[in-house]
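Student: Fold the following and give me the result.
(2 chains)
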There are 2 protein chains.
Amino acid sequence: MSDSATVNVELRNDSQPNRSYDIEIASHSLKDLGAKLVEIGLGKKSKKILIVSNPVIDNHYGATVEKSLSESGFDVAKLILPAGERFKTATSLQKIYDAALDHRLERSSAIVALGGGVIGDMSGYAAATWLRGIELVQVPTTLLAMVDSAIGGKTGINHPQGKNLIGAFYQPRLVWVDPEVLKTLPARELRSAMAEVIKYGVIWDRELFDLLSQCDRLDQLRYIKPELLQTILYRCAKAKADVVSKDEKEGNLRAILNYGHTVGHAIESVTNYRLYNHGEAVGLGMIIAGAIAVDLGLWSNDEQAQQVSLIAKAKLPQTLPADIDQDAIIACLSTDKKVEAGKVRFILPTAIGHVSFNDVVTSELVKQSLRKILS
Amino acid sequence: MSDSATVNVELRNDSQPNRSYDIEIASHSLKDLGAKLVEIGLGKKSKKILIVSNPVIDNHYGATVEKSLSESGFDVAKLILPAGERFKTATSLQKIYDAALDHRLERSSAIVALGGGVIGDMSGYAAATWLRGIELVQVPTTLLAMVDSAIGGKTGINHPQGKNLIGAFYQPRLVWVDPEVLKTLPARELRSAMAEVIKYGVIWDRELFDLLSQCDRLDQLRYIKPELLQTILYRCAKAKADVVSKDEKEGNLRAILNYGHTVGHAIESVTNYRLYNHGEAVGLGMIIAGAIAVDLGLWSNDEQAQQVSLIAKAKLPQTLPADIDQDAIIACLSTDKKVEAGKVRFILPTAIGHVSFNDVVTSELVKQSLRKILS
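Tutor: From the prediction side, this is the model:
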């Protein structure tokens, strides 16, 4: 791997050529964002840009991005929203709309989402729906956003009754990744993102899984060599882009990306989005999905152990509180977006790098796997 | 024209074949909706349907539609929202989301919008964004919705600061038009929709314009023969479908449909959406756009007089209150979605059936035309 890499996300189901876009991964590239936006044609009709970020990220990188955009001739406004999943709400969305109105964003103006998944999802949804769609640039600042949420066009907000119930498929014009910003990422955020990284290994990329297995620890950036980090970012972006290109709107294949998420979302919801962050819940969901696959005879005990071992190397939670409301988790599964005809469709591993869909997972089987990891 | 007609809306920019859809116009067809939905493949995965309507329409037609859907095997729920543009809000949208959650709509479930433009726009937007997009069927019950808002995929809600600022392009699976339901349409609603009908004549279809000119009155249904009504519905749907097919996302051509709307929206907003309904404001906007075109030497006085004459035959308002806030209208124009690079782009007639875009209309010229029609 060189110091920079580009993954093109081709949207084959759509003949509009400008619907495909690049994910660019390059160290120390934050200061070059403005020039890049000019290069891809933003600013031709409207110079207006609204940066949406959160206080911590703005403190670290807001000035660099603002300067870069201003120096490239953009008319920049900035909106700072509180950080955290519990702020991914209609209220925060309304604030973005108000800022868009105040800054008089036009259809060819852009929103730059500078932050993690929450900022990216909300800003993306605002861009999708303001004036029925304006330009969007994702500048993910967390590992989770870099390898997952900023890629693929899923945008949205939470409903009090469940995550991401309100949203749109909306593609950005560019995803701009500067790995340097991960140096300020809290360790817990890094660890939780590792759940998604491991996920790509399990569902799609055995080589990535093996690379991760060779590491002693995956819980802090200093244990991961820069070249490996670059490789991880590239392979994950490539995996997600490959899947999304083949199935933009989740007709079928794309659903494999939800591996670990079905139960993970339920765990997050039942614990009020407080006990676990997204990646931690996904890691638990993967362990449970793996256990179900083993129970169904679809997967080997050995590979499930390898998966659990990687999750352990990332120091992600491997157990659930003994008093967790199992029935609430089951009830929550049935309001999940992935429900079809009342059935929960599970994505279950069959071999490292491969998963299959399964419609025959009973509530009892889910509970059985849940009980295995109660602390 | 026969008793029924079909207009296919082809979305050429998109290779997904299921993105094109039919507008079916047939008298006494409301009772056949369920069978039609089965015919086009709804209900295969999910039987759940949410009807969204308003109290008056529900009173007239709710039972017929519910019965038709239930008899075809659908699991039907119904949400009744208050009628009127001022309820096209985030609050009403939230009620649709809540009903979608209560009825456990899945991705392959459908929302049936049974009503006029407000119900259609809100329900369409809810369908576009719930679970990132579920099925949508438009059953327009007003002339305005039949000829305009139910066709073309524009969905959305109002922001306190302006109409339709929040929305999405989202295509229905079917538009189902039963002209019989117009018999219960209030006369004012019929008149206001005539503004859009006349609009299609001015911007696209001279033959339609001539047909309308041959009528003595256009203000009540009883003055319009059933065959002419059928022709009007067909030609308007065809005009809109033609334009939308050529330019789904308002890159360029589609903007001609906004003829009369730029100033019309501003008039509605400045009068707090109370003095005029949408069509009345559009009629005024067309008179003003026509006057601007005449002032710029683009259009003949004679054809402007013909346009005003049709608007008069529909008994639509032709004057503005003497004390209307002209500056507020100008200010409002600059927050319009159609603003590009700070300029308001006007659509101006050049001959009956033809319009052109114009970027050189000054605030002074707009005010001059406004003043011509102060009462």
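Student: worst-scoring helix or strand of chain A, pLDDT-wise?
Tutor: Within chain A, no helix or strand scores below strand A:339-340, which has a mean of 58 by mean pLDDT, DSSP states H and E.
Student: Remind me what the lengthiest helix in chain A packs against, helices and strands.
Tutor: In terms of residue count, the longest helix belonging to chain A (DSSP state H) is helix A:226-246. For helix A:226-246, the helices and strands in contact under the criterion 3 or more Cβ pairs under 8 Å, 6 or more residues apart in numbering or on different chains; DSSP states H and E are strand A:4-9, strand A:21-26, strand A:174-177, helix A:187-203, helix A:206-213. Any C-beta I mention is one placed from the backbone N, CA and C, and that applies to glycine too.
Student: now these as CSV including mean pLDDT?
Tutor: Below are these laid out as CSV (pLDDT from 0 to 100):
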stretch, mean pLDDT
strand A:4-9, 87
strand A:21-26, 92
strand A:174-177, 96
helix A:187-203, 95
helix A:206-213, 96
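Student: mind checking how far the residue nearest the centre of chain A is from chain B?
Tutor: Nearest to the geometric centre of chain A sits A:S149, at 2.4 Å (Cα atoms, centre = their mean). Taking Cβ to the nearest Cβ, to the nearest Å as the criterion, A:S149 is separated from chain B by 14 Å.
Student: so that residue touches A:G117, yeah?
Tutor: Yes - counting by Cβ atoms under 8 Å, A:S149 touches A:G117, with 3.7 Å between them.
Student: residue ranges with poor pLDDT in chain A?
Tutor: Under the criterion of pLDDT under 70, the regions of chain A flagged as low confidence span A:1-2, A:12-18, A:248-251, A:336-343.
Student: can you give me the strands for it?
Tutor: Taking DSSP state E as the test, the strands found in chain A are A:4-9, A:21-26, A:48-53, A:75-80, A:110-115, A:135-140, A:154-159, A:162-169, A:174-177, A:339-340, A:343-344, A:346-351, A:354-358.
Student: Among the ones you listed, which comes closest to B:V139?
Tutor: Nearest to B:V139 among the strands of chain A is strand A:162-169 (23.7 Å), distances taken as Cβ to Cβ.
Student: Can you check what angle separates the closest one from strand A:154-159?
Tutor: Interaxial angle of strand A:162-169 relative to strand A:154-159 (axes from the mean of the first three to the mean of the last three Cα atoms, to 10 degrees): 140 degrees.
Student: ok now strand A:162-169, how far from the chain's centre?
Tutor: Taking Cα atoms, centre = their mean, to the nearest Å, the mean C-alpha location of strand A:162-169 is offset from the chain mean by 13 Å.
Student: and that strand with chain B, contact?
Tutor: Yes - part of strand A:162-169 sits near chain B under the criterion Cβ under 8 Å from any Cβ of the partner chain, namely A:G162, A:N164, A:L165, A:I166, A:G167, A:A168, A:F169.
Student: What residues does the fourth one make contact with?
Tutor: Contact partners of A:I166, counting by Cβ atoms under 8 Å, 6 or more residues apart in numbering or on different chains, are A:A90, A:Y125, A:G156, A:I157, A:N158, A:H159, B:Y97, B:T129, B:W130.
Student: and if you look at the first one?
Tutor: A:G162 is in contact with A:H265, A:S269, A:C332, A:T335, A:D336, B:L101, counting by Cβ under 8 Å, 6+ apart.
Student: could the residues of strand A:162-169 next to chain B be laid out in TSV, adding distance to B:I224?
Tutor: Below are those laid out as TSV (distance: Cβ to Cβ, whole Å):
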residue	distance to B:I224
A:G162	49
A:N164	48
A:L165	45
A:I166	42
A:G167	43
A:A168	40
A:F169	42
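Student: how about stretch A:140-148 as CSV, C-alpha atoms only?
Tutor: Output of stretch A:140-148 as CSV, limited to C-alpha atoms (Å, rounded to 0.1, in the frame of the first residue of the first chain):
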residue,chain,number,x,y,z
PRO,A,140,-15.2,10.9,8.6
THR,A,141,-13.1,11.4,11.7
THR,A,142,-13.7,8.1,13.5
LEU,A,143,-12.5,4.7,12.4
LEU,A,144,-16.1,3.5,12.4
ALA,A,145,-17.2,6.2,10.0
MET,A,146,-14.2,5.7,7.8
VAL,A,147,-14.8,2.0,7.4
ASP,A,148,-18.5,1.9,7.5
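Student: Which parts of the stretch 251-375 of chain A are helices?
Tutor: In the stretch 251-375 of chain A, helices defined by DSSP state H, counting those that start in this stretch lie at A:261-270, A:278-295, A:301-313, A:326-333, A:363-372, listed in chain order.
Student: In the stretch 151-300 of chain A, which residue sits nearest chain B?
Tutor: Here the stretch 151-300 of chain A gets closest to chain B at one residue, A:G167, 4.4 Å apart by Cβ to the nearest Cβ.
Student: Quick check: closest non-adjacent residue to that residue.
Tutor: Among residues not flanking A:G167 along the chain, A:G156 sits closest, at 2.3 Å (Cβ to Cβ, 6 or more residues apart in numbering or on different chains).
Student: tally of neighbours for A:G297?
Tutor: When neighbours are counted by other Cβ atoms under 10 Å in any protein chain shown, A:G297 registers 7.
Student: which phi and psi does it have?
Tutor: As for A:G297, its main-chain torsions (degrees, to the nearest 10) stand at phi 80, psi 20.
Student: now A:S29
Tutor: According to degrees, to the nearest 10, the main-chain angles of A:S29 amount to phi -100, psi 0.
Student: how about the residues of the stretch 51-200 of chain A that lie near chain B?
Tutor: So far as Cβ under 8 Å from any Cβ goes, the stretch 51-200 of chain A lies against chain B at A:90, A:94, A:97, A:101, A:104, A:106-108, A:128-133, A:154, A:156, A:159, A:161-162, A:164-169.
Student: one more time with 10 Å, if that's ok
Tutor: With the criterion set to Cβ under 10 Å from any Cβ of the partner chain, the stretch 51-200 of chain A comes near chain B through A:90, A:93-94, A:97-98, A:100-102, A:104-109, A:125-126, A:128-134, A:153-157, A:159-162, A:164-170.
Student: Which among those count as buried?
Tutor: Among those, those scoring as buried are A:90, A:93, A:97, A:100-101, A:105-109, A:125-126, A:128-134, A:153-157, A:159, A:162, A:164-170 (criterion: 16 or more other Cβ atoms under 10 Å in any protein chain shown).
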